[in-house]
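J.: my questions concern the predicted model and sequence given below.
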Amino acid sequence: MTLPVIDPEAATRYLASSVRLCLQRAIREAGEPTDLIGQIPETFSPESLASVLECAAQNTPTPFSRVGIVGAGLMGISIAACHLRRGCEVVLFDNAPEALATAPQRVRHELEFQIRDASQISAFLSHLHCASDLHHLADCACVIEAVPENLPLKQAIFKQLEDLVPPDRVFLTNTSTIPVGRLAKELRRPQRLMGLHFLHPVRERPVVEVIGHRQTEPLLAVSVTRQALALGKLPLAVSDSPGFVVNRLLFAYLDEALRSLADGAGIPALDESALRVGFAMGPLRIMDEIGLDTVWAAGRILWEAFPDRIQASPILVTLLKHKRLGRKTGRGFYQYSDVTPWTVSPETDSTVEKLLAPWVTTPSTSVTEQMGERLLAAMVGEALSLVQEGAAADWRMIDVAAVCGLGFPARYGGPVYLAVSQDPTAGLAWIKQCLSHTLPDSKLRKFAALVASLREHVSIPPP
């Protein structure tokens with residue numbers, strides 16, 4: 001199996017043009033000046049994107065200056081810090097006393113990643129208000145829900161909020177997998193709810209997914225897009241379907257990792273293979289960082305929606321039964337100490353290999369050689385499915401989401417570009433070889449027609 005050869009300079013030019021397209025759409029949607037477009041360099045880099053988005057934030061007034069956040073967990077804390085850093089007043093609600101008591105210190109810690117000046121951090125924190133009663137959110141222009149992926153829980157929160165706040169207030173959900181229309185169904189004013197999906201870690205991910213549903217007010221979409229720009233984020237308009245774009249891609253990656261693990265890949269070797277092909281982090285490390293309970297909750301939505309492509313793994317079930325939830329409990333696929341920083345590789349743990357032994361076969365040479373490419377191809381296949389479904393306002397948004405939101409290797413331009421920019425016969429043969437265990441021939445034929453269409457109608461920057 002041979003990894004496709006992509007001209008990295010052409011790929012970065014393509015990414016830059018794709019980012020320009022996404023930003024242009026967002027600025028037009030928000031009704032903001034378009035002179036920022038010219039600041040995007042001809043070649044893509046995370047630094048150049050960060051610079052342009054910082055400029056956008058400085059030039060975009062926030063439509064929601066007082067924001068309520070429901071949930072003081074990992075995402076709620078990160079979203080609070082993001083808003084404080086841009087000058088918003090934040091009311092942070094949680095009904096767990098311990099979570100609320102530690103919230104200011106956790107927000108401070110989050111701000112310290114980006115701000116060195118202690119006095120500036122203290123100034124931002126003076127605009128943070130912690131609340132144990134939802135009534136304190138009544139005067140917030142916008143309320144963001146950031147609780148676990150549990151449909152009844154989220155619906156109950158929004159129904160309570162609807163009884164407490166004025167009818168013109170905006171509700172946003174940070175759900176990563178649940179269709180927003182499903183959350184809005186029980187509301188009296190469903191048109192006031194949208195999805196604004198921040199990605200973890202919020203401080204490092206420059207993109208957010210903006211999700212409307214059939215009843216969303218058009219002017220609300222304008223305000224939410226403007227808010228994203230004011231926060232220094234690139235808003236990507238995606239369709240209201242399970243997993244949206246980012247989590248569909250992510251779970252294809254994670255699902256293939258669990259399949260490879262069951263095929264005998266080995267825990268450290270699997271993550272190392274992902275790094276070798278250019279991913280920012282291995283899939284098992286990602287699951288440990290997210291939390292295996294969170295992976296399970298989000299994954300269940302996708303397993304139910306796409307049973308032919310993504311399935312619950314007994315490996316995940318086994319780890320959950322043994323309370324190995326990842327970094328949060330000190331043990332997952334790896335072992336962590338209280339002082340293991342996020343940037344340092346955790347320790348391997350022989351115990352987990354014994355736990356998973358009943359579900360793991362003896363590795364073959366092909367599995368060992370193909371691990372990294374199988375992970376790449378899984379995301380490519382899912383990206384092509386997303387294009388077929390019209391999951392984003394423009395297919396290039398899928399590549400921007402993959403590279404900027406998930407750490408897909410920028411040198412390949414994105415999963416769609418990886419399929420479209422090379423010889424179609426060779427590229428599809430590579431996908432088939434990597435995914436022969438999950439990809440039926442009928443699906444491959446549809447991919448072939450799609451790739452041919454994209455090559456014909458979309459201009460790929462020349463090498």
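T.: Now that the structure is in, tell me what you want to look at. Residues are numbered from 1 along each chain as shown.
J.: so who does V70 touch?
T.: G76, F93, D94, L134, L137, V143, I144, E145, A146, V147, I157, L161 (Cβ atoms under 8 Å, 6 or more residues apart in numbering). No exception for glycine: its C-beta is placed from N, CA and C like everyone else's.
J.: look up how far Q105 lies from it.
T.: 20 Å (Cβ to Cβ, to the nearest Å).
J.: residues in contact with the worst-scoring helix or strand of the chain on mean pLDDT?
T.: When each helix and strand of the chain is scored by mean pLDDT, DSSP states H and E, helix 424-434 comes last, with a mean of 80. Defining contact as Cβ under 8 Å, 6+ apart, one finds that helix 424-434 is touched by 1-4, 370, 373-374, 376-378, 380-381, 418-419, 439, 444, 447-448, 451-452, 455.
J.: alpha carbons only: can I get that helix in PDB?
T.: The C-alpha coordinates for helix 424-434 follow below in PDB (Å, rounded to 0.1, in the frame of the first residue of the first chain):
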ATOM      1  CA  PRO A 424      -8.800   9.200  -9.600                       C
ATOM      2  CA  THR A 425      -8.000   5.600 -10.400                       C
ATOM      3  CA  ALA A 426      -5.000   5.400  -8.100                       C
ATOM      4  CA  GLY A 427      -6.700   7.400  -5.300                       C
ATOM      5  CA  LEU A 428      -9.800   5.300  -5.200                       C
ATOM      6  CA  ALA A 429      -7.700   2.100  -5.400                       C
ATOM      7  CA  TRP A 430      -5.900   3.300  -2.300                       C
ATOM      8  CA  ILE A 431      -9.200   4.000  -0.500                       C
ATOM      9  CA  LYS A 432     -10.500   0.600  -1.400                       C
ATOM     10  CA  GLN A 433      -7.400  -1.100  -0.200                       C
ATOM     11  CA  CYS A 434      -7.400   0.700   3.100                       C
END
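J.: where do the strands sit along the stretch 101-250 of the chain?
T.: 128-131, 142-145, 170-173, 193-198, 207-211, 234-238 (DSSP state E, counting those that start in this stretch).
J.: want to try TSV for those strands, with mean neighbour count, mean pLDDT and distance to Q227 as columns?
T.: Listed next are the strands of the stretch 101-250 of the chain as TSV, based on neighbours: other Cβ atoms under 10 Å; pLDDT from 0 to 100; distance: least, Cβ to Cβ, whole Å:
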stretch	mean neighbour count	mean pLDDT	distance to Q227
strand 128-131	18	98	18
strand 142-145	25	99	7
strand 170-173	25	98	9
strand 193-198	25	99	7
strand 207-211	26	98	9
strand 234-238	24	97	9
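J.: dump these into a markdown table; add distance to V403 as well.
T.: As requested, the strands of the stretch 101-250 of the chain are arranged in a markdown table below (distance: least, Cβ to Cβ, whole Å):
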| stretch | distance to V403 |
| --- | --- |
| strand 128-131 | 32 |
| strand 142-145 | 25 |
| strand 170-173 | 25 |
| strand 193-198 | 17 |
| strand 207-211 | 9 |
| strand 234-238 | 11 |
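J.: tell me which of these sits nearest to A30.
T.: Nearest to A30, of all these, is strand 234-238, at 8.2 Å by Cβ to Cβ.
J.: which other helices and strands contact that closest one?
T.: helix 8-30, strand 207-211, helix 218-230, helix 396-406 (3 or more Cβ pairs under 8 Å, 6 or more residues apart in numbering; DSSP states H and E).
J.: tabulate these (CSV), appending distance to I431.
T.: Listed next are the helices and strands packed on strand 234-238 as CSV, based on distance: least, Cβ to Cβ, whole Å:
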stretch, distance to I431
helix 8-30, 18
strand 207-211, 25
helix 218-230, 33
helix 396-406, 16
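J.: R188 is nearest to which of those?
T.: Nearest to R188, of the helices and strands packed on strand 234-238 and by Cβ to Cβ, is helix 218-230 at 15.6 Å.
J.: contacts for the closest one, please.
T.: Here helix 218-230 has contacts from 26-27, 29-32, 53, 56-57, 60-64, 86, 142, 170, 172, 191-192, 194, 196, 208, 210, 212, 234-235, 237, using Cβ under 8 Å, 6+ apart.
J.: any idea of the pLDDT on I460?
T.: pLDDT, I460: 55.
J.: what are the buried residues along the lengthiest helix in the chain?
T.: In terms of residue count, the longest helix belonging to the chain (DSSP state H) is helix 365-389. The neighbour-count check on helix 365-389 (16 or more other Cβ atoms under 10 Å) flags 367-368, 370-387 as buried.
J.: ditto for stretch 215-224
T.: So for stretch 215-224, counting by 16+ other Cβ under 10 Å, buried means T216, E217, L220, A221, S223, V224.
J.: and these, which is closest to V202?
T.: Closest to V202, out of all of these and judged by Cβ to Cβ, is V224, at 16.2 Å.
J.: mind checking the backbone torsions on S45?
T.: When read as degrees, to the nearest 10, the backbone of S45 gives phi -150, psi 150.
J.: how close does it get to A156?
T.: S45 is 44 Å from A156, by Cβ to Cβ.
J.: what of P8?
T.: Taken as Cβ to Cβ, the span from P8 to A156 is 49 Å.
J.: and the longest helix of the chain, how far from the chain's centre?
T.: 18 Å (Cα atoms, centre = their mean, to the nearest Å).
J.: for stretch 216-226, same thing?
T.: The mean C-alpha position of stretch 216-226 is separated from the chain mean by 21 Å, Cα atoms, centre = their mean.
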